[in-house]
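[1] here you go, sequence then predicted model.
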Amino acid sequence: MEKKKFQFSTAAVDYFFSGSFTKLKEVVDPKKAILITDENIYNNHTAKFKNWDVIVLKPGEQYKVQATVDAVIDQLIEMGADRTATLVGVGGGVITDLTGYIASIYMRGISFGFVPTTILALVDASIGGKNGIDVGIYKNMAGTIRQPAFILHDLAFLNTLPAEEWKSGFAEIIKHASIKDVAMFKQLEENSIAAFQKKKQLIADLVKRNALIKTKVVQQDEFEKGDRKLLNFGHTLGHALENQYELTHGEAISIGMAYAANLSQSINGFKQADRVISLLEKYQLPTFAQFNKDKVISVLSKDKKKVKDSIQFILLEKVGKAVIQPISIDQIYQTLA
Ligand code: ADP
Ligand code: ZN
């Protein structure tokens with residue numbers, strides 16, 4: 001395992017790249033750890049969980065809600081978990097969000113770590129300390145910012161990751177490339193999901209590169225006063241669509257990125273909307289959807305990133321360089337197809 005320590009304002013986080021789940025016992029005391037995972041991961045990797053205390057949740061974004069938090073807290077009390085316990089979220093973004101959020105409020109906060117098992121969680125959700133739950137159709141409406149003690153990568157989990165989840169994760173990778181890394185954008189253009197699945201080293205390098213991009217952005221702006229907002233590229237519209245239309249997160253933000261790329265072209269002199277859209281298509285992501293404008297605008301107007309009547313929108317200046325620009329809700333309404 002390659003161990004690297006990253007300093008955030010409130011805590012340092014140990015990252016274990018190219019790690020192995022069997023080494024988890026060297027990272028956290030099995031007597032103090034409670035693992036939280038979901039049925040799909042547990043059923044596909046049951047042997048790995050032997051000798052650990054495990055809470056197994058139902059899979060899916062619809063369980064990223066307060067009722068699950070309440071149920072897990074009841075179980076923790078029943079298991080006798082005290083302030084010295086460490087919660088370890090083993091799973092995708094839903095599990096890492098729930099685990100980080102529960103650990104942040106249980107007994108006013110206990111320690112936690114992550115073993116991300118989806119591309120999306122490896123390159124995005126597990127990093128940066130933001131953890132929360134959905135409230136109705138509003139994504140991540142309640143949550144905390146608090147860093148995990150560690151993030152351990154075991155890419156062997158990806159062997160059982162469904163095709164849909166690969167695509168969803170690549171949407172975040174394309175996001176990182178679009179806002180921060182033109183060289184990676186080119187690499188993505190030259191490759192495909194199949195190519196990354198075939199070559200272990202290629203996917204390991206890509207996962208690490210993306211984890212580092214996100215980490216660096218968060219380190220520079222942990223509480224989202226500036227640059228961290230760039231990570232919302234595609235997410236403003238994406239989040240408004242996601243819970244309303246049963247899209248995966250990746251599909252929703254892909255549509256959001258295509259819209260933002262077109263908007264960048266029409267109002268910001270960006271010249272490569274087609275290039276962004278082609279890359280999304282290459283990774284089998286949707287770039288257009290039929291939706292109810294009024295419903296979407298009503299959700300957008302409750303966006304956390306709204307200031308007065310404007311939304312801090314992320315636009316591209318060129319591939320690899322994003323900017324923050326306030327756009328009025330009216331203007332968004334006009335430009336929605
Ligand atoms: P994310 O927010 O990272 O997209 P979720 O936590 O919603 O992910 O997980 C997506 C789906 O993939 C869920 O159904 C989950 O149970 C399943 N899943 C996660 N990791 C794996 C894995 N390594 N193998 C098989 N299924 C997995
Ligand atoms: Zn996202």
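    Ah, there it is. No experiment lies behind these values; they were computed from the predicted model shown. Ligands and ions are numbered 1, 2, ... in the order given.
[2] name the residues of the chain found near ligand 1, please.
    Selection of the chain residues close to ligand 1 by Cβ under 6 Å from any ligand atom yields 38, 40-41, 44, 59-61, 91-95, 117-118, 120-121, 125, 157, 160-162, 165, 168, 249. The way it works is simple: take the backbone N, C-alpha and C, and place the C-beta from them, glycine included.
[3] look at the spatially most central residue of the chain and report its pLDDT.
    With distances taken as Cα atoms, centre = their mean, Ala125 lies nearest the centre of the chain, 3.0 Å away. For Ala125, the model assigns a pLDDT of 97.
[4] give the contact list for the nearest residue to it once chain neighbours are set aside.
    Closest residue in space to Ala125, ignoring its immediate chain neighbours: Gly93 at 3.4 Å, by Cβ to Cβ, 6 or more residues apart in numbering. Residues near Gly93 by Cβ atoms under 8 Å, 6 or more residues apart in numbering: Thr118, Leu120, Ala121, Asp124, Ala125, Ser126, His249.
[5] tell me the secondary structure for Ala252?
    helix (DSSP: H, G, I helix; E, B strand; the rest coil).
[6] er, Leu98 actually
    Classified using three-state DSSP, Leu98 is helix.
[7] that one: neighbouring residues, count only.
    26 (other Cβ atoms under 10 Å).
[8] domain ranges for the protein?
    Domain ranges of the chain: 2-160, 163-335, per automatic domain parsing.
[9] which of the contacts of Gly93 ranks first by neighbour count?
    So for the contacts of Gly93 (other Cβ under 10 Å), the most neighbours sit at Ser126, 33 neighbours.
[10] just checking, that residue touches Phe112?
    No: using Cβ atoms under 8 Å, Ser126 is not in contact with Phe112, being 10.7 Å away.
[11] look at the residue lying closest to Arg146 once chain neighbours are set aside and give its secondary structure.
    Counting by Cβ to Cβ, 6+ apart, Arg146 lies nearest to Ser104, which is 4.6 Å off, once chain neighbours are set aside. Secondary structure assignment for Ser104 (three-state DSSP): helix.
[12] same check on Ile34?
    With three-state DSSP as the basis, Ile34 sits in strand.
[13] okay, now it: neighbour count?
    Neighbour number of Ile34 under other Cβ under 10 Å is 22.
[14] which parts of the stretch 201-337 of the chain are strands?
    Taking DSSP state E, counting those that start in this stretch as the test, the strands found in the stretch 201-337 of the chain are 306-307, 310-318, 321-328.
[15] of the residues of the chain next to ligand 1, grab the buried ones for PyMOL.
    Under the burial definition 16 or more other Cβ atoms under 10 Å, those of the residues of the chain next to ligand 1 that qualify are selected in PyMOL by:
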select buried, resi 38+40+41+59+61+91+92+93+94+95+117+118+120+121+125+157+161+165+168+249
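[16] of the residues of the chain next to ligand 1, which belong to strands?
    Among the residues of the chain next to ligand 1, the members falling in strands (DSSP state E) are Asp38, Gly91.
[17] circling back to that earlier point, mean neighbour count, the strands of the stretch 201-337 of the chain: which tops it?
    strand 310-318 (a mean of 20; mean count of other Cβ atoms under 10 Å).
[18] contact partners of that strand?
    Contacts for strand 310-318 (Cβ under 8 Å, 6+ apart): 178-179, 182, 229-230, 232-236, 260-261, 263-264, 267-272, 276, 300, 303, 305-306, 322-329, 332.
[19] mind redoing it with 7 Å?
    By Cβ atoms under 7 Å, 6 or more residues apart in numbering, the residues outside strand 310-318 that reach it are 178, 229-230, 232-233, 236, 260-261, 263-264, 268, 270, 272, 300, 303, 305, 322-329, 332.
[20] quick check: angle from that strand to strand 321-328?
    150 degrees (axes from the mean of the first three to the mean of the last three Cα atoms, to 10 degrees).
[21] which ones are touching the nearest residue to Gln75 once chain neighbours are set aside?
    Using Cβ to Cβ, 6+ apart and skipping residues adjacent in sequence, the residue nearest Gln75 is Ile55, 5.5 Å away. Applying Cβ under 7 Å, 6+ apart, we find Ile55 in contact with Ile34, Ile36, Val72, Gln75.
[22] now do 8 Å
    Ile34, Leu35, Ile36, Thr37, Val72, Gln75, Leu76.
[23] report the angle between the host helix or strand of it and strand 33-38.
    Element membership for Ile55 (DSSP states H and E) is strand 53-57. Strand 53-57 and strand 33-38 are oriented at 20 degrees to each other (the same axes, to 10 degrees).
[24] need the CA coordinates for strand 53-57. CSV is fine.
    Provided in CSV are the C-alpha atoms of strand 53-57 (Å, rounded to 0.1, in the frame of the first residue of the first chain):
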residue,chain,number,x,y,z
ASP,A,53,-18.7,-6.0,13.1
VAL,A,54,-20.9,-4.9,10.2
ILE,A,55,-24.1,-3.0,9.7
VAL,A,56,-25.5,-3.9,6.3
LEU,A,57,-27.9,-1.3,4.7
